[in-house]
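# got a predicted structure here, sequence first:
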Amino acid sequence: MENKQIQENYRRISGTIAEAAVKSGRKPEEITFLAVTKTVAPELVNTAIACGITVLGENRVQEYQFKKESYTKGVPVDFIGTLQSNKVKYIIGDMRLIQSVNKFSLAQEIERCAAKLHLQQDILLEINIGDEDSKSGLQPGVLPELLTQIAELEHVHVKGLMTIPPPCKDTSFLQAMQELFLKTKELQIPDTEMRILSMGMSDDYAQAVQYGSTLVRVGSALFGARNYR
């Protein structure tokens, strides 16, 4: 994809996000537009950064390690893919957020690695809102107990929730996730925040914003169809 096309895509997506934010009674600047960089060449990622992208999303630890030195410096990165406990040590300290925490043992490993570096790692808990066997993520019912457990970890801090709803035209899963997010916020679990709802990708980011998403993860709509490896 040429740089000009990325620029045009960025303007179009940003405009759609802004419109959806206004419809939901919020300001456009309250929504984070994260660029998903899986299989995307660093020079194209840097083009998106030049357009205005302020957060990148990485799916694979090895790919991130290979590409990170080629990215424009100073742009924060979130880890958004499935993360194995034995890979935490390779990204801890580099990530603004680890968005895909789906079990207590993973949170414990993040705690161990973060403690070694004397830092606090912000995370999101991944929810399997569609109860799909093919996807990782927590069942909504276990969320309060897990949040209470993680609150005891000194170097891990929950900032909100993340989900990948089933691909369908029905917005019921988006609505269910919004309701879960708000219900969880009402619990006011100590040392836990519900500030970020990471929901919405290339096919549904506008609808996700209208259902309360504060962060959308957009890849193919920005960079074009992927050449997955």
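Thanks, I have the structure now.
# burial check on I196, number of neighbours?
I196 is flanked by 21 other residues according to other CB atoms under 10 Å. In short, each C-beta sits where N, CA and C put it, glycine included.
# which stretches in the chain count as strands?
Using DSSP state E, the strands of the chain run over residues 32-36, 55-58, 77-79, 95-101, 121-127, 156-163, 192-198, 215-218.
# which residues sit against the longest one?
Meaning strand 156-163. 80, 97, 99-100, 107, 110-111, 114, 120-129, 137, 147, 150-151, 173, 177, 180-181, 184, 191-199, 214 (CB atoms under 8 Å, 6 or more residues apart in numbering).
# hang on, the earlier thing: tabulate the strands of the chain (a markdown table), appending distance to P42 and mean pLDDT.
As requested, the strands of the chain are exported to a markdown table (distance: least, CB to CB, whole Å; pLDDT from 0 to 100):
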| stretch | distance to P42 | mean pLDDT |
| --- | --- | --- |
| strand 32-36 | 12 | 98 |
| strand 55-58 | 10 | 98 |
| strand 77-79 | 12 | 98 |
| strand 95-101 | 18 | 98 |
| strand 121-127 | 25 | 98 |
| strand 156-163 | 25 | 98 |
| strand 192-198 | 23 | 97 |
| strand 215-218 | 18 | 98 |
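# which residues touch the residue lying closest to G130 once chain neighbours are set aside?
Nearest residue to G130, sequence neighbours excluded (CB to CB, 6 or more residues apart in numbering): P166, at 3.9 Å. Counting by CB under 8 Å, 6+ apart, P166 touches 130, 132, 173.
# ok, so of the residues you listed, who is nearest V75?
Relative to V75, the closest of the contacts of P166 is F173; by CB to CB it sits at 30.5 Å.
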